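K.L.:
Sequence plus predicted model, see below.
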Amino acid sequence: MTAISASDARLIRGNSAWAEHWGQLRKNRLGLFGLFLVIVMVSSALLANFIVPFDPTQIMVGPRLGPPSWAHPLGTDQLGRDILSRVIMGGRVALIVALTSLAAALSLGLVLGLVAGFGPRWLDNGLLLALDSVRAFPVIIFALAVVTLLGPSLLTVVFVVAVTSIPVYARVVRTQTQSLRDHEYILAERAMGAGTGRILGVHILPNVIGPLLILVSMDVPLVITLEAGLSFLGMGVRPPTPSWGTILNDGYSYIQNSPWPVIAGGIPIILTTLGFTFLGEALRDIFDPKLRRDV
Amino acid sequence: MSQAATTRGVPGAALGTLLEVRSLSLDFTSPKGRIHALRDISVAVPKGRIVGVVGESGSGKSTLAYAIIRLLAENAIITRGEVLLEGDDLLRLSPRQMRDVRGRRMSMIFQDPMTSLNRVLSVDDHMIDIQYRDSVSKAEKRRRAIKALGHVGIPDPESRIRNYPHQFSGGMRQRICIAMAMLVEPDLILADEPTTALDATMEVQIINLLKRLQSELGCSILFVSHHLGTVAELCDDVVVMYAGEVVERGSVRDIFHQPGHPYTQALLECDPGRIRERTRRLPTIPGNVPSLLAGEVPGGCIFKDRCPYVFDRCQLERPPHYTVVAGVDEGRADGDDTLAAHTARCHLRDPGEASRDRESRDIRQARDKAAGGHP
Amino acid sequence: MSVLLEVEDLKVRFRSMGMVRALATRTSDPFLDAVCNVSFQVRPGETLGLVGESGSGKSTIARALMGLNPVHSGSIRFAGNELTGLSQRAYKPYRRDMAMMFQDPVGSLSPRLTVRSLITEPFKMHGMRDRDRDAEAKRLLEMVGLGTDFAQRFPHQLSGGQARRIGVARALALDPKLIIADEPTAGLDVSVQGEVMNLLARLQEELGIAMLIITHNLNVVRHISDHMAVMYLGRFVEQGPTEEVFYRPRHPYTEVLLSANPEPDPDARIQRVEARGDVPSLVNRPPACEFHTRCPRARQVCSQIDPGVSSAGEGHVYRCHFPLNSEHDASKEGGVRQER
């Protein structure tokens, strides 16, 4: 084989995939905004210990259910605790629960969905039966059962969320896989000698991951509120550890006296949701060459 | 058919013209900017005639049909022109009035008969539904539907009418669509590539069916196709489109026997059905269709980049429709099909360029000879 | 000359209903034969055209040859090796020597890969990682007449003709001995059809590749193939040298197909022979001669006795009781198209 000139090589090889993706993201303003929000949330959760103005569990002598002030920018709760500090610390719980449980659900759902969608019919039927049975089980009953077995903890919440989300993702992946499986390009790849692994990894996975990312990013707020619900029932995070859910729950009881705890607990949930949704949509657009904005 | 005889002369001569599209221009908005998909299109459909619109993909032929019946995508904007149906400008009608026109005076047959039928409704439902404007009993509507199905050649229509679209073959489904289009007894049928998805033997059957029904009902048909063979067989008049412009129009004999535009000539040469001698080198049209993006549409003649006879005038001046003068040797005795004026957007057809035109003929002849020499 | 591909009595059978339903409805034969006892040969450097309407089983043959459809009975020999019954793993080396181009020019290209990845993928798959993939990409693009600037495009950014060229480039990547092209001109404009056919013809001359071209477009077959076979409901009804079949068709179905090809000339006077009605379903295969339900020449015997294979000399064979252009039928001599 004759060697080719450097300029030809550049033309043929193009930019590296990551440089290309970053270039795409930079043009997507909403995506950048989403990325910014996500980075703010994640870093504040990571650095929570260093940036909280007060100890979030410290009960103070100051005003209870106080409005925002210089000392307490988001006011204080019914025990006089600084809400800002609680929100920052609560972000930790929210993100740990959301990210770990959804990451687990995503990867398992993906694998199960691909297997069900691409595998033989009997395997598909069996997996569907299993997934649907899990899904048919009421979440709260399932959570209660798990808590009695494992005891209340953050890990319990993660486990419950992951197990109940897997069937949803697996079904989406399975349907997508099945519709892609009969595409002519998959047949063309097989005719060329591609094995199952290559077909799944290179030709199907990239096409199913887009819609899944959107689904997952929209599930982030759901999981945060589910965590709140479970914590409220005493099955998740134990007080006095703050979480966005507990801040909200606590706030509701006193909403007539002061709206601040609810606002302070709600806004980060909204911002996180927006951040993940925008980022998810941007990622889908970036990874799908058909949705790219230029070229 | 008697009305058609009065259409002699320029396209759109008042009497006997059913549909007239006058300098229609249409843009599509896209993230990259406006796409000038149709530019200054003028087409006339006389009463009782079949007009073929021929062109390759991207020529805008289907867009034209959808613009006429106003079923355009949301990003389409009509920037100029009129669509006159017996004098009424369809572009000015309210959506409600337009729906009325679609149900009574115009109907459309689509390329894919499966997607144009709702698969959860039976043929019976479809065909009764389409007569919703008529205030007759359901039984009467069903009777009409059965008659229409029998008419388009569905065997045993009384029992088949209860079936669902997927229980029919592609050819049968297209027959059902045609029966539905005919049921409202429209003045104009727009057919968008109705035979493209069908096999050759089915294609012939559908063409014959359209021909028969047209002569029975006396309606006009605008037949959009990329298939030169079917157009030659079915149509009375032909409009040739290229990159969003009408480059040539005339009667079917004019277009196929003495094409006046280099694009039409090239297109006809390319059709392998026309090449009698077995050859391993088929003619092609080198180059690509120009970009129609705003600011990128080439000035001058739209075909200049691919034209073998291009000269300086083509670069600057957009050719108007010149009348194509028939060669003496090609005049036909029967002459019954010379109703539509034969015009082409090519400077070679300008009487002032006669000498250049002779040169181009020589080039063409020499090339034909060269091609014939190496089968 | 030796034979490159030899297919004998090939039968591809699909289930027409599930096992449970077959039991419930007491159907003793819940199968349909998509391809029925088909035999043919392709020699090196030669082109065989396979013509038929949709549902005739022509694409099923192609897929069976590539090992993508199970073969019920019969044999496929490629360069002397029997391919039926091989495992997917054992089939892999033959997928180097046989390349297939699929119908949909754009849809047969994986949508998220760049042209560079698409055309160099075969090297990866067949363990040829030492190749300079950029150089190979350049070589293949040049071969099919595209510039190197196409390397970074995605399939949806290609026109039909360009995508088809990429399909050809992929097929050529591993220097195959046989290319199976399923409807190589489908969905392309006439001006582009010629380009693709010329490209295939040129590559065949330069590289000596044998081709199996599957199409419903008779004009394509006529210009590019040496031999042709006409399929109807999974069976070869006629087979022979292209010129012979075109100008002296024996089977009425061939005649119907030939005359169903509308000519781009409003004055063409074709003596059109039409087939009645619709293609029957494979589930209800008509007995004896499959074509008798639509045949203009059918008589009673056609629905009772299988016509079997008759020969018209020089490898020209057909299955018909009342063939055209035989000695008894001198009036039809000279082909379907009457001179004007």
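P.N.:
Sure, I can see it.

K.L.:
before we move on, what SS does the residue nearest to C:Leu146 when sequence neighbours are not counted have?
P.N.:
Counting by Cβ to Cβ, 6 or more residues apart in numbering or on different chains, C:Leu146 lies nearest to C:Arg165, which is 5.7 Å off, once chain neighbours are set aside. C-beta: built from backbone N, CA, C; applies to glycine. Three-state assignment for C:Arg165 (DSSP: H, G, I helix; E, B strand; the rest coil): helix.

K.L.:
what's the answer for B:Leu38, then?
P.N.:
With three-state DSSP as the basis, B:Leu38 sits in strand.

K.L.:
Quick check: bridge partners of the nearest residue to C:Val245 once chain neighbours are set aside?
P.N.:
Excluding the flanking residues, the one nearest C:Val245 by Cβ to Cβ, 6+ apart is C:Met228, at 5.4 Å. C:Met228 forms beta bridges with C:Gly49, C:Gly240, as assigned by DSSP bridges.

K.L.:
now the strands: where do they sit in the stretch 151-300 of chain B?
P.N.:
B:188-192, B:220-225, B:237-242, B:245-251 (DSSP state E, counting those that start in this stretch).

K.L.:
quick one: secondary structure of the residue of the stretch 51-200 of chain A found nearest chain C?
P.N.:
Per Cβ to the nearest Cβ, A:Gly193 is where the stretch 51-200 of chain A lies closest to chain C, at 4.0 Å. For A:Gly193, the assignment made with three-state DSSP gives coil.

K.L.:
any idea which element the closest residue to it other than its chain neighbours lies in?
P.N.:
Ranked by Cβ to Cβ, 6+ apart and with sequence neighbours excluded, the top spatial neighbour of A:Gly193 is C:Arg95, at 4.0 Å. For C:Arg95, the enclosing helix or strand under DSSP states H and E is helix C:94-97.

K.L.:
moving C-terminal of that helix, what's the next helix or strand?
P.N.:
Downstream of helix C:94-97, the first helix or strand assigned by DSSP H and E is strand C:98-101.

K.L.:
contacting residues around that next one?
P.N.:
For strand C:98-101, the surrounding residues in contact (Cβ atoms under 8 Å, 6 or more residues apart in numbering or on different chains) are A:188, A:191-192, C:62, C:65-66, C:78, C:108, C:164, C:167-168, C:170-174, C:176-182, C:184.

K.L.:
Just checking: what are the partner strands of that strand?
P.N.:
Going by DSSP bridges, the partners of strand C:98-101 are strand C:178-182 (parallel).

K.L.:
Run the angle between whatever helix or strand comes next after the strand it pairs with and strand C:178-182 for me.
P.N.:
Using DSSP H and E, the helix or strand that follows strand C:178-182 in sequence is helix C:190-207. Calculated by axes from the mean of the first three to the mean of the last three Cα atoms, to 10 degrees, helix C:190-207 forms an angle of 170 degrees with strand C:178-182.

K.L.:
For helix C:190-207, buried residues please.
P.N.:
Across helix C:190-207, burial judged by 16 or more other Cβ atoms under 10 Å in any protein chain shown covers C:190-201, C:203-204.

K.L.:
And for stretch C:295-305?
P.N.:
Those would be C:295, C:297-298, C:302, for stretch C:295-305 by 16+ other Cβ under 10 Å.

K.L.:
Just the ones of these in strands?
P.N.:
Within the buried residues of stretch C:295-305, no residue falls in strands by DSSP state E.

K.L.:
Which positions in the longest helix along chain A come out as buried?
P.N.:
Ordering each helix of chain A by length in residues (DSSP state H) puts helix A:83-118 first. For helix A:83-118, a neighbour-count test (16+ other Cβ under 10 Å) marks A:83-102, A:104-106, A:108-110, A:112-118 as buried.

K.L.:
Following the helix or strand bottoming out on mean pLDDT in chain C in sequence, what is the next regular element?
P.N.:
Scoring the helices and strands of chain C by mean pLDDT, DSSP states H and E places helix C:19-24 at the bottom, with a mean of 77. Where DSSP H and E defines the elements, the next helix or strand beyond helix C:19-24 is strand C:31-42.

K.L.:
My guess is the residue nearest to C:Val245 contacts C:Leu50. True?
P.N.:
Yes - proximity of C:Met228 to C:Leu50 meets the contact threshold set by Cβ atoms under 8 Å, at 7.4 Å.

K.L.:
So between those two, which is more surrounded?
P.N.:
C:Leu50 (29 against 26; other Cβ atoms under 10 Å in any protein chain shown).

K.L.:
which stretches of the stretch 1-150 of chain A aren't confidently modelled?
P.N.:
By pLDDT under 70, the low-scoring segments of the stretch 1-150 of chain A are A:1-4, A:15-17, A:58, A:60-66, A:71, A:78.

K.L.:
per-residue confidence for C:Glu255?
P.N.:
For C:Glu255, the pLDDT comes out at 90.

K.L.:
same check, this time on C:Lys11
P.N.:
For C:Lys11, the pLDDT comes out at 92.

K.L.:
burial count for B:Leu93?
P.N.:
The local packing of B:Leu93 (other Cβ under 10 Å) involves 16 other residues.

K.L.:
likewise C:Val273?
P.N.:
So C:Val273, with other Cβ under 10 Å, has 18 neighbours.

K.L.:
helices and strands around the longest helix of chain A, which ones?
P.N.:
Applying 3 or more Cβ pairs under 8 Å, 6 or more residues apart in numbering or on different chains; DSSP states H and E, one finds that helix A:83-118 makes contact with helix A:29-46, helix A:48-51, helix A:121-136, helix A:154-181, helix A:205-232, helix A:244-253, helix A:260-287.

K.L.:
if we go to 6 Å?
P.N.:
Judged by 3 or more Cβ pairs under 6 Å, 6 or more residues apart in numbering or on different chains; DSSP states H and E, helix A:83-118 is in contact with helix A:29-46, helix A:48-51, helix A:154-181, helix A:205-232, helix A:244-253, helix A:260-287.

K.L.:
CA atoms only for stretch A:24-39, dumped as CSV, please.
P.N.:
In CSV, the C-alpha atoms belonging to stretch A:24-39 read as follows (Å, rounded to 0.1, in the frame of the first residue of the first chain):
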residue,chain,number,x,y,z
GLN,A,24,-21.1,20.5,18.6
LEU,A,25,-21.9,21.1,22.2
ARG,A,26,-20.3,24.5,22.1
LYS,A,27,-22.8,25.5,19.5
ASN,A,28,-25.8,24.2,21.5
ARG,A,29,-26.6,27.0,24.0
LEU,A,30,-29.2,25.1,26.0
GLY,A,31,-26.9,22.2,26.2
LEU,A,32,-24.1,24.4,27.5
PHE,A,33,-26.5,25.8,30.1
GLY,A,34,-27.5,22.3,31.1
LEU,A,35,-23.9,21.3,31.4
PHE,A,36,-23.3,24.4,33.6
LEU,A,37,-26.2,23.6,35.9
VAL,A,38,-25.0,20.0,36.2
ILE,A,39,-21.5,21.1,37.0
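
K.L.:
Need the phi and psi values for the residue lying closest to C:Ser56 once chain neighbours are set aside.
P.N.:
Nearest residue to C:Ser56 in three dimensions, chain neighbours excluded: C:Met231, at 4.2 Å (Cβ to Cβ, 6+ apart). When read as degrees, to the nearest 10, the backbone of C:Met231 gives phi -110, psi 140.

K.L.:
contacting residues for C:Met231?
P.N.:
By Cβ atoms under 6 Å, 6 or more residues apart in numbering or on different chains, the contact set of C:Met231 is C:52, C:56-58.

K.L.:
elements contacting whatever helix or strand B:Asp357 lives in?
P.N.:
Counting by DSSP H and E, the element that carries B:Asp357 is helix B:354-373. If contacts are counted by 3+ Cβ pairs under 6 Å, 6+ apart, helix B:354-373 sits against no helix or strand.

K.L.:
What are the contacting residues of that helix?
P.N.:
The contact list for helix B:354-373 (Cβ under 6 Å, 6+ apart) reads B:309, B:348.

K.L.:
try 8 Å this time
P.N.:
For helix B:354-373, contacts defined as Cβ under 8 Å, 6+ apart pick out B:262, B:265, B:277, B:279, B:281, B:283, B:308-309, B:311, B:348-349.
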